[in-house]
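> coordinates only, sequence not included:
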């Protein structure tokens with residue numbers, strides 16, 4: 001990243017699993033800390049199948065069209081492994097048909113790491129998995 005252009009800072013807040021409204025809340029918290037952009041992925045702050053997978057993005061788009069929230073939303077689609085590209089991609093940079101797509105499962109990644117296993121390279125680079133596992137299994141996830 002260009003020097004003095006990107007600032008990475010952690011923000012610990014309790015997860016409320018309030019779905020779309022929580023995504024907007026997270027964006028406003030970060031705006032108040034000086035952020036100019038906020039990423040909303042597939043299922044931000046959702047739990048199970050309670051909310052639709054892109055509902056938080058729909059709310060962000062709707063609110064930003066009606067109000068100046070003071071922060072720009074980056075609405076990202078779900079990544080997947082493309083067997084033709086042979087790498088992790090998204091709809092934005094890969095136009096191959098669905099039969100070439102292999103879904104990335106966050107649930108499976110968490111399960112593998114919790115059991116001390118390295119997840120499939122189709123889901124996560126092995127050097128990243130090894131770095132996480134080096135922390136010790138009890139330190140991987142925060143409750």
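That came through fine. Just so it is clear, the model here is predicted, and its values are computed rather than measured.

> Distance-wise, check residue 55 relative to residue 47.
12 Å (C-beta to C-beta, to the nearest Å). Any C-beta I mention is one placed from the backbone N, CA and C, and that applies to glycine too.

> give the contact list for the residue of the chain most remote from its centre.
Distance from the C-alpha centroid of the chain, by C-alpha atoms, centre = their mean, peaks at residue 66 (25.2 Å). Applying C-beta atoms under 8 Å, 6 or more residues apart in numbering to residue 66 gives no contacts.

> Report how many residues lie close to residue 129.
For residue 129, the count of nearby residues is 19 (other C-beta atoms under 10 Å).

> Please apply the same query to residue 78.
15.

> name the element the spatially closest residue to it that is not a sequence neighbour belongs to?
Among residues not flanking residue 78 along the chain, residue 42 sits closest, at 4.3 Å (C-beta to C-beta, 6 or more residues apart in numbering). Counting by DSSP states H and E, no helix or strand carries residue 42.

> hang on, residue 42 packs against residue 55?
No - applying C-beta atoms under 8 Å as the test, residue 42 and residue 55 come out as separate, 10.0 Å apart.
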